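Peer 1: below: sequence and its predicted model.
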2 protein chains.
Amino acid sequence: MPSFRSTVLKSSRIASSAVLLAAALSLPGAHGAFAEPFSRRDVTKGPLVLAKQGSFFVGGDEVEQTATELGFSIGGHVVINQMYVRYMIPQTSFAGVPVVMIHGSTLSGKSFETTPDGRMGWAEYFVRRGHPVYNIDAIARARSGFDISAYNKVKAGELPPSALPDAFRVSAEFSWQSFRFGPTFGSAYPDEKFPVAAVNEFLKQGIPDLNGVLPAPNPNYKALSDLAFKLKGAVLLGHSQGAPYTLEAALTNPAGIRGAIVIEPGGCGATTYTDAQIRKLARIPILVMFGDHLKTAVPGFPGYYWQDQFNDCKAFVARVNAANGKALLLWPPDLGIHGNSHLIMMDKNNLKIADLLLKWIDKYVRPRYNLDASARKVAQELGN
Amino acid sequence: MPSFRSTVLKSSRIASSAVLLAAALSLPGAHGAFAEPFSRRDVTKGPLVLAKQGSFFVGGDEVEQTATELGFSIGGHVVINQMYVRYMIPQTSFAGVPVVMIHGSTLSGKSFETTPDGRMGWAEYFVRRGHPVYNIDAIARARSGFDISAYNKVKAGELPPSALPDAFRVSAEFSWQSFRFGPTFGSAYPDEKFPVAAVNEFLKQGIPDLNGVLPAPNPNYKALSDLAFKLKGAVLLGHSQGAPYTLEAALTNPAGIRGAIVIEPGGCGATTYTDAQIRKLARIPILVMFGDHLKTAVPGFPGYYWQDQFNDCKAFVARVNAANGKALLLWPPDLGIHGNSHLIMMDKNNLKIADLLLKWIDKYVRPRYNLDASARKVAQELGN
């Protein structure tokens, strides 16, 4: 059985320049030259005009498996460890930087689509604000599939039941407090921003987390860095389990990664990243964000508090900035925005939060991506 | 281990009015009043303008599971048997009937998105032709998730390995002949329409089929009929394993189902549907379609030929029409279109094939849906 720390809230490794910096983002004039036209009209209204949309895969390993491993009449070659990517590119004169969205544990790319109560999600909103959006299903999840060979070898008696990789889902009872809808199951905080009336619709997003089948290093890291490179530069925006994927992808190959948005990670690795890793991460703009009510108890995990993860990220941000980095911990309550949950992209003020992220992109992410010499070298190695 | 007949190509129960009728579809003037404007311009060009897009779930059962069953630290309530639905509604003056697309075994809604060689899939094309499209992940697949309780009970030793539900993938070697890319693995038919150069990209779409976890009756049937009803009428378009789902949904509740498009089913149940069932199916327009090269051998299943499934569907269509139905078996080779594979929606002429389906919809599907008395009764029962 996986531990809470090691999986759902995998404290991979990311944290707080002066929180005061965050306030700067709300100042008029802090955003880029192209931000202003959007603020004059409501971009959420009217038809969605796309230059292109569709889906593709990145990564994937071709392997040969037996009939037993496939659970089928004959064996042969299949692909495992591929990543499904669904994209929408807006038809707009403003060419925003592509944004890759990475969901959390027991969830899929659905996280960034329509909210549980039927409002616009971040995927469409970022597109309407001029950014191509690439919304993935992490490897071993949803449309990316997973390696079924261990499962079928156990079923056939070729391996013991203990060889089944860890696989899990989380319950409504766990989610309520851990995702900080309220202090006890069924009761919401007075200022709660998660649409708790639609919690049953949120529960339908819950699917098995089969990361237990993944090899090491987690192939999601390379797939994400390859994707960013293929896009000739992208901001990686990850949530919860997917949050540290943004940093791990940058450590794998930073060439395509123009920024990392780290939402509600289970810690940022302030004490585990080496100095060399911190120096590498200092080369990309990093934004860390947490919701509110960080001292809520997490059922089943006595002593686990989001506040500790927040503090770890604060220390991480300080380390990155001490290495001449551009990291920022943005905590909405510091801006007077209260009651956000762990599932901040589904919260009732999700578009207001998105506006903060977009302002950060405008201010901190390079508007043009130029392949430098080392990036070109990596490109040749990748065969792109 | 599941048999080929019972799973991949589930011969659930659907067949050939005079194939001559099919030819009528290619005649000018056979399509509806709104079809003509589209034929004057290339609808595949220019931006995609959507009135709305997003995703939601239909169905789902809330159940309580133990910590062991969830594979997590604490148990509680989760939802199983929910169906993920992703939709795009065009911004157009032509209000086409909604089309629900249902993928086949070991595949997901990805089937109808971008083709393996990067061309436009049916989902976008139908939208560009004025139809709202609802592209699902079948229950127990991809973003719809699956019930993980048996898996974790086996892993914990509470159930024997034999209690693991059947779960499988299919190999490249199986797919090549069975999906009729060519006569032997690696060699394509001279007139082959599947983009065989991109076969590796197709293989990435392959994910585990976990239908073995589903209860009886298959909850996909009710979810699809509920979806069609919620949409106030829809055409169900199903492929392979998903093809008979269209008919089973209509038998579950025909109130919302304005038509069934049955693509490459593993037979149509010509001899298994009762007369009462056939009379029920005779109330909706039904189109059955198969690709070419139906006599290709299927590896691992000696004696299995698609030609037999085609013949079964021909007999089914005859039974439906004998009961005053409107069923049609449309076989592209009869129209001089050769070389289509099992994966007809990904074939190089996929949009030409789509045009045939759209003409059939224009001709056979009622342009307006009116809830009749019995449908209203069902609506009240469903609480809609």
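Peer 2: Structure's in. What do you need?

Peer 1: near A:Ala322, how many other residues are there?
Peer 2: Around A:Ala322 there are 12 other residues, counting by other CB atoms under 10 Å in any protein chain shown. The way it works is simple: take the backbone N, C-alpha and C, and place the C-beta from them, glycine included.

Peer 1: pick out the residue of the stretch 201-350 of chain A closest to chain B.
Peer 2: Evaluated by CB to the nearest CB, the stretch 201-350 of chain A has A:Ile207 as its residue closest to chain B, separated by 3.0 Å.

Peer 1: residues in contact with that residue?
Peer 2: By CB atoms under 8 Å, 6 or more residues apart in numbering or on different chains, the contact set of A:Ile207 is A:106-108, A:141-142, A:169, B:143-146.

Peer 1: shouldn't A:Phe126 be in contact with A:Val133?
Peer 2: Yes - with contacts counted by CB atoms under 8 Å, A:Phe126 reaches A:Val133, the gap being 4.9 Å.

Peer 1: what residues are shared contacts of those two?
Peer 2: Overlap of the contact sets of A:Phe126 and A:Val133 (by CB under 8 Å, 6+ apart) consists of A:99, A:101.

Peer 1: how much space separates the closest residue to A:Ile102 other than its chain neighbours from A:Cys268?
Peer 2: The shortest distance from A:Ile102 to any non-neighbouring residue, by CB to CB, 6 or more residues apart in numbering or on different chains, is to A:Gly242 (3.4 Å). Distance, A:Gly242 to A:Cys268, using CB to CB, to the nearest Å: 14 Å.

Peer 1: give me the more crowded residue out of these two.
Peer 2: It is A:Cys268, of A:Gly242 and A:Cys268, that has more neighbours when counted by other CB under 10 Å, with 34 against 27.

Peer 1: that one: what secondary structure?
Peer 2: coil (DSSP: H, G, I helix; E, B strand; the rest coil).

Peer 1: thought A:Cys268 was touching A:Val288?
Peer 2: Yes - A:Cys268 is in contact with A:Val288 according to CB under 8 Å; the separation is 6.5 Å.

Peer 1: can you give me the neighbour number for A:Glu160?
Peer 2: No Glu there; residue A:160 is Pro. Per other CB under 10 Å, the neighbour tally for A:Pro160 reads 12.

Peer 1: for the one 10 residues further on, same thing?
Peer 2: Burial of A:Val170 is recorded as 27 neighbouring residues (other CB under 10 Å).

Peer 1: who touches it in this structure?
Peer 2: Each residue near A:Val170 by CB under 8 Å, 6+ apart is listed here: A:8, A:105-106, A:178, A:206, B:70, B:72, B:78.

Peer 1: on that earlier part again, distance of the residue of the stretch 201-350 of chain A closest to chain B from B:Ala276?
Peer 2: According to CB to CB, A:Ile207 and B:Ala276 sit 38 Å apart.

Peer 1: and if you look at A:Met88?
Peer 2: For A:Met88, the distance to B:Ala276 equals 46 Å [CB to CB].

Peer 1: ok, these two, which is more surrounded?
Peer 2: Shown here are A:Met88 and B:Ala276; by other CB under 10 Å, A:Met88 has more neighbours (23 against 10).

Peer 1: the longest helix seen in chain A: how far from the chain's middle?
Peer 2: As assigned by DSSP state H, the longest helix anywhere in chain A is helix A:306-322. Put simply, helix A:306-322 sits 18 Å off its chain's centre (CA atoms, centre = their mean, to the nearest Å).

Peer 1: go on, stretch A:298-312?
Peer 2: How far stretch A:298-312 lies from its chain's middle: 19 Å, per CA atoms, centre = their mean.

Peer 1: which outside residues touch it?
Peer 2: Outside stretch A:298-312, the residues that reach it (CB under 8 Å, 6+ apart) are A:4-5, A:9, A:11, A:15, A:173-174, A:177-178, A:180, A:185, A:264-271, A:290, A:294-297, A:329, A:331, A:342, B:67, B:72-74.

Peer 1: for chain A, name the helix or strand with the lowest mean pLDDT.
Peer 2: Least confident helix or strand, chain A: helix A:20-24 with a mean of 34, by mean pLDDT, DSSP states H and E.

Peer 1: next secondary structure after the strand ranked longest in chain A?
Peer 2: Longest strand in chain A, counting residues (DSSP state E): strand A:48-65. For strand A:48-65, the succeeding helix or strand toward the C-terminus, using DSSP states H and E, is helix A:67-70.

Peer 1: and chain B, is that next one touching that?
Peer 2: Yes - with CB under 8 Å from any CB of the partner chain as the criterion, chain B is reached by helix A:67-70 at A:67, A:70.

Peer 1: and the helix or strand containing A:Asn200, what other elements does it pack with?
Peer 2: For A:Asn200, the element it lies in under DSSP H and E is helix A:199-203. Judged by 3 or more CB pairs under 8 Å, 6 or more residues apart in numbering or on different chains; DSSP states H and E, helix A:199-203 is in contact with helix A:172-178, strand B:48-65, strand B:76-90.

Peer 1: contact partners of it?
Peer 2: A:116-117, A:172, A:175-176, A:181, A:343, A:346, B:56-57, B:60, B:62, B:77-79.

Peer 1: again, only this time at 10 Å
Peer 2: Contacts of helix A:199-203 with the rest of the structure, by CB atoms under 10 Å, 6 or more residues apart in numbering or on different chains, involve A:107, A:111, A:114-118, A:169-172, A:175-176, A:179, A:181, A:186, A:188, A:194-196, A:343, A:346, B:56-57, B:60, B:62, B:77-79, B:82.

Peer 1: same thing with stretch A:270-277?
Peer 2: A:11-15, A:247-248, A:250-251, A:269, A:278-281, A:311-320, A:323.
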